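In: Make a model of this:
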Amino acid sequence: VFCEDVDNPVWKNLSLRPHRWKGDKNIPIPCGNGIPSPPADSAVFPHHFPLRLTITISFSPFSGDSRTLTTKWRSPIMKFSCEKALLQAAISTTSRAVSPKSSIPALEGILLEAGSDLRLTGYNLETGIRTIVPADIREEGTLVLGARLFGEIVRKLPDDIVTFQSENYMVNIKCGMSEFNILGTDPEEFPELPTVEYQNSLILPQSRLKAMISQTLFAVSDNESRPIHTGSLFEVDSEGLTIVSVDGYRLALRHESIDKKEGAETFSFVVPGAALSEVEKICSDVDEPASVTQGARHVMFLSLIHI
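Out: All right, here's what the predicted structure looks like:
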């Protein structure tokens, strides 16, 4: 399977579009691009073009946003290897943002991008999670794999180095004496995560952020008739960070100091409770820093995952 350049004048010529070669009398007629005819009854494409491309945890507080699909061109061949424990942890974290059921099949999978590093992305059009994994990249590429199947396969692999190789969406996974072959899907169908336009940011320890969320999240409302109550208010000033949750009956408030603040002197924003629940589960009880970045319409949390 090849991706065709639909803007190419050749593609608009009906006589040169993909067709079925009948192989009558085995006459060696060129396929429109000077290549000898293939075996009988095989698909013919007139021009072949190679595919080309490009932890943060990004959350959108707005549901139902329209997303544009962008083309991710790169070679259809992807090869990398990494430790099983690291890959399994990344899949487990990223899968938290994968849609169990979606009208866009690609959203039920994980986007793998092998470039200077290995990136795994899950996105349900409301919450997106991207995880960076150290890996030995031999061939750069991008592919979407079903989150559930991919996670089950990696979980059952022995504790060794996992070798991953894909060509034309056929994926081969090896580890020790185990080997699996599964089918991936086109990464062009996977929506891009929204870009967070930097406005303000703050930094504080992961353990402190996790404790603040866990002690206020219980008061977040699940009543959609008042959407503002379905999230927690973050208020940042010179004295630190205050998180407030209210559901009309209960009010929870927690104030703590922060390590660093950039941007406006004071700023505030509301983060959906569902997104905060995932942040709480991902953050560890360590003193490693976690950053929170406020954009025009989105909020991004960035932290290190400890295995």
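
In: Can you give me every residue that contacts the nearest residue to residue 295 once chain neighbours are set aside?
Out: Spatial nearest neighbour of residue 295, chain neighbours left out: residue 196 (3.8 Å); criterion: Cβ to Cβ, 6 or more residues apart in numbering. (C-beta placed from N, C-alpha, C; glycine too.) Counting by Cβ atoms under 8 Å, 6 or more residues apart in numbering, residue 196 touches 58, 293, 295, 298, 299, 300.

In: part of a strand, is the second one?
Out: Translated: residue 293. Yes: counting by DSSP: H, G, I helix; E, B strand; the rest coil, residue 293 is part of a strand.

In: Correct me if wrong: it contacts residue 203.
Out: No: using Cβ atoms under 8 Å, residue 293 is not in contact with residue 203; the gap is 9.8 Å.

In: which of those two has more neighbours?
Out: Set side by side, residue 293 and residue 203 show more neighbours around residue 293, with 21 against 16, by other Cβ atoms under 10 Å.

In: what sits opposite that one in the beta ladder?
Out: residue 201, residue 300 (DSSP bridges).

In: Over to residue 233?
Out: On the basis of DSSP bridges, residue 233 is bridged to residue 244, residue 270.

In: Pretty sure it sits against residue 252.
Out: No: Residue 233 lies out of contact with residue 252 (Cβ under 8 Å); the separation is 10.7 Å.

In: shared neighbours of these two, which are they?
Out: In contact with both residue 233 and residue 252: 244, 245, using Cβ under 8 Å, 6+ apart.

In: contacting residues around the closest residue to residue 175 other than its chain neighbours?
Out: Leaving aside its chain neighbours, residue 175 sits nearest to residue 157 (4.1 Å; criterion: Cβ to Cβ, 6+ apart). Contacts here follow Cβ under 8 Å, 6+ apart; on that basis residue 157 touches 84, 173, 175, 176, 178.

In: Just give me the closest of these to residue 210.
Out: residue 84 (26.5 Å; Cβ to Cβ).

In: The closest one against residue 160, yeah?
Out: Yes: Residue 84 is within contact range of residue 160, at 6.1 Å (criterion: Cβ under 8 Å).

In: strand partners of the helix or strand harbouring residue 79, parallel vs antiparallel please.
Out: Assigned by DSSP states H and E, residue 79 falls within strand 77-83. Strand 77-83 pairs in its sheet with strand 136-139 (antiparallel), strand 161-167 (antiparallel), by DSSP bridges.

In: so which of these is the most packed in?
Out: strand 161-167 (a mean of 19; mean count of other Cβ atoms under 10 Å).

In: need the contact list for residue 224.
Out: By Cβ under 8 Å, 6+ apart, the residues touching residue 224 are residue 230.

In: Look at the closest residue to residue 185 other than its chain neighbours and give its secondary structure.
Out: Spatial nearest neighbour of residue 185, excluding adjacent residues (Cβ to Cβ, 6+ apart): residue 144 at 4.6 Å. Put simply, residue 144 is strand when judged by three-state DSSP.
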